[in-house]
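In: Provided below for reference: sequence and predicted model.
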Amino acid sequence: MTTRQAQILVVDDNEDNRDMLARRLRRMGHAVIEAENGRVALDRLRQQPFDLVLLDIMMPEVNGFQVLEQVRQVPEWRHIPVVVISALDDLDSVVRCVELGAEDYLFKPFNAVLLNARVAACLEKKWLRDQEQAHLAALRQEMELGRQIQADFMPMELPTLPGWEIAARFLPANEVAGDFYDVFRLPDDRLGLLLGDVSGKGVGAALFMALTRSLLRAFADRARPDDPAPISDAAILDAVRLTNRYILRHHQQRTNMFATLFMGVLEVTTGRLSYINAGHVPPLHARAAGGCESLEPTGPLVGVTEDIPFQVGRVHLEVGDCLLVYTDGVTEAMNTRHELLGTERLMTVLDRPPTSADDLLDRIEAMVRAHTGSDNLSDDLTLLALRRK
């Protein structure tokens with residue numbers, strides 16, 4: 001028998017019955033509040049929390065059936081165990097109480113030993129559930145904190161550049177994600193673009209994302225705006241190689257995780273884009289003059305090997321051109337028939353020139369949701385669009 005004190009509500013219109021139950025429960029070490037009918041019982045429930053309710057059925061004003069109905073309708077009361085103690089011994093009454101959510105049913109006059117056992121069992125179950133709910137609430141709070149911290153890794157606002165439009169979407173499937181993106185200014189009128197996707201899901205992927213993104217920015221930030229010496233695009237993109245080396249030497253044997261990555265350096269005045277595609281799904285370059293080009297991988301995934309070098313690719317964005325960088329949560333979105341959205345279907349969005357970078361991402365997001373038929377994403381979805389005006 002448990003020795004923890006519980007708050008128990010005893011509901012019975014017979015004062016002798018209430019007194020007998022209250023004295024027995026107090027001898028068990030519990031605190032008891034009494035109610036002479038169902039209306040008073042509901043008032044007591046509104047005033048304070050209870051661990052258990054012992055409820056009579058036949059009462060004036062509001063009977064036990066009505067109390068049970070209301071208890072199960074109020075979310076804060078729904079998980080309070082209710083043990084019915086009644087002189088009604090017909091099976092229909094028992095069935096109705098159980099259907100209305102009663103935890104147990106005892107007949108009057110009750111057996112003292114049986115009462116003690118049922119009370120102890122109900123309280124133990126209630127307290128275990130309370131512990132579980134407290135644990136889940138703590139986990140939710142931790143996950144929310146993780147979500148907020150992860151959001152801080154993303155740019156609070158995107159740079160505004162004359163002649164260019166930039167838009168982004170970050171739609172995690174869960175509280176935390178393995179996707180990331182970044183857009184940041186560089187010296188000599190250049191812009192850094194970054195989008196990646198870490199293997200796996202959940203907290204582990206989010207932590208590896210934070211490591212990868214932080215390393216990339218730390219190595220790229222060697223090109224400080226106050227540094228008088230110009231730094232080449234290749235030197236900035238060398239952040240990918242340095243990040244790969246650090247992860248392989250310090251983390252890979254313990255985590256066995258990797259990331260796909262696209263990192264680019266855009267010359268804002270000329271439209272020239274230098275980039276490294278480290279095993280990432282190929283970004284799409286939609287030309288205003290017509291046609292769509294894929295920016296294929298120029299190196300291996302980050303965190304896999306140092307034996308294969310990272311090459312720098314280059315492309316030129318003319319006026320009206322769009323660059324779309326995305327994670328595989330887009331093309332691998334699956335419908336109810338287990339069909340992937342796929343690259344070909346995605347490219348149809350680019351057949352009609354977008355009116356803006358935001359318009360392009362709106363259309364892609366709508367396509368993904370229409371394809372899956374659900375607002376719930378099965379995988380993280382991250383998009384970055386760049387349009388030259």
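Out: Sure thing, it's come through.
In: nearest residue to Ser378 other than its sequence neighbours?
Out: Ala173 (6.1 Å; Cβ to Cβ, 6 or more residues apart in numbering). (Glycine included, C-beta is placed from N, CA and C.)
In: longest helix in the chain, please.
Out: Ranked by number of residues, the top helix in the chain under DSSP state H is helix 112-153.
In: ok and the helix or strand following that helix relative to helix 112-153, angle-wise?
Out: Going down the chain from helix 112-153, the next helix or strand is strand 164-171, by DSSP states H and E. Strand 164-171 runs at 170 degrees relative to helix 112-153, counting by axes from the mean of the first three to the mean of the last three Cα atoms, to 10 degrees.
In: what comes up buried for strand 164-171?
Out: Trp164, Glu165, Ile166, Ala167, Ala168, Arg169, Phe170, Leu171 (16 or more other Cβ atoms under 10 Å).
In: ok, which stretches of the stretch 1-150 of the chain are strands?
Out: Using DSSP state E, counting those that start in this stretch, the strands of the stretch 1-150 of the chain run over 7-11, 31-35, 52-55, 82-86, 104-107.
In: want to try JSON lines for the ones you listed, with distance to Glu132 as columns?
Out: JSON lines is the format used below for the strands of the stretch 1-150 of the chain (distance: least, Cβ to Cβ, whole Å):
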{"stretch": "strand 7-11", "distance to Glu132": "19"}
{"stretch": "strand 31-35", "distance to Glu132": "23"}
{"stretch": "strand 52-55", "distance to Glu132": "17"}
{"stretch": "strand 82-86", "distance to Glu132": "20"}
{"stretch": "strand 104-107", "distance to Glu132": "21"}
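In: nearest to Ala120, out of these?
Out: strand 52-55 (10.1 Å; Cβ to Cβ).
In: contacts for the closest one, please.
Out: Contact with strand 52-55 is made by 6-12, 21, 25, 41, 45, 64, 67-68, 71, 80-85, 102, 119, 122-123, 126, as judged by Cβ atoms under 8 Å, 6 or more residues apart in numbering.
In: returning to that earlier point: what about the residue nearest to Ser378, distance to Leu136?
Out: Note on Ala173: its distance to Leu136, by Cβ to Cβ, to the nearest Å, is 19 Å.
In: neighbour-wise, which of those two wins?
Out: Applying other Cβ atoms under 10 Å to Ala173 and Leu136 shows that Ala173 carries more neighbours, namely 17 against 10.
In: am I right that that one is in contact with Ser374?
Out: No: between Ala173 and Ser374 no contact is recorded; they are 11.2 Å apart, counting by Cβ atoms under 8 Å.
In: run a quick neighbour tally on Asn256.
Out: 10.
In: now do Leu114
Out: 12.
In: please report the distance of it from Arg18.
Out: From Leu114 to Arg18 the distance is 19 Å (Cβ to Cβ).
In: just Pro309 next, same as before
Out: 84 Å.
In: higher neighbour count, the two?
Out: Taking other Cβ under 10 Å, Pro309 and Arg18 do not tie; Arg18 has more neighbours (19 against 9).
In: chain center to stretch 46-64, what's the gap?
Out: On the basis of Cα atoms, centre = their mean, to the nearest Å, stretch 46-64 sits 39 Å off its chain's mean C-alpha point.
In: likewise for stretch 382-389?
Out: 25 Å.
In: quick check: mean pLDDT of it?
Out: Stretch 382-389 carries an average pLDDT of 96.
In: got the buried residues for it?
Out: For stretch 382-389, by 16+ other Cβ under 10 Å, it's Thr382, Leu383, Leu384, Ala385, Leu386, Arg387, Arg388.
In: and the contacts of that stretch?
Out: 163-171, 177, 179-181, 183, 193, 195, 197, 266, 271, 317-327, 329-330, 354, 356-358, 360-361, 364-365.
In: select only the buried ones of the residues you listed in ChimeraX?
Out: The buried residues among these can be selected in ChimeraX (16+ other Cβ under 10 Å) with this line:
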select :164,165,166,167,168,169,170,171,177,179,180,181,183,193,195,197,266,271,317,321,322,323,324,325,326,327,329,330,354,357,358,360,361,364
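In: so which of the contacts of stretch 382-389 belong to helices?
Out: Filtering the contacts of stretch 382-389 for helices - DSSP H - leaves Gly329, Val330, Ala357, Asp358, Leu360, Leu361, Ile364, Glu365.
In: what lies in contact with the helix or strand Ala206 falls within?
Out: If you go by DSSP H and E, Ala206 is part of helix 202-220. By Cβ under 8 Å, 6+ apart, the list of residues contacting helix 202-220 from outside reads 146, 149-150, 153, 174, 176-180, 182, 184, 186, 192, 194, 196, 198-200, 236, 238-240, 242-243, 246-247, 251, 255, 257, 259, 261, 263, 302-303.
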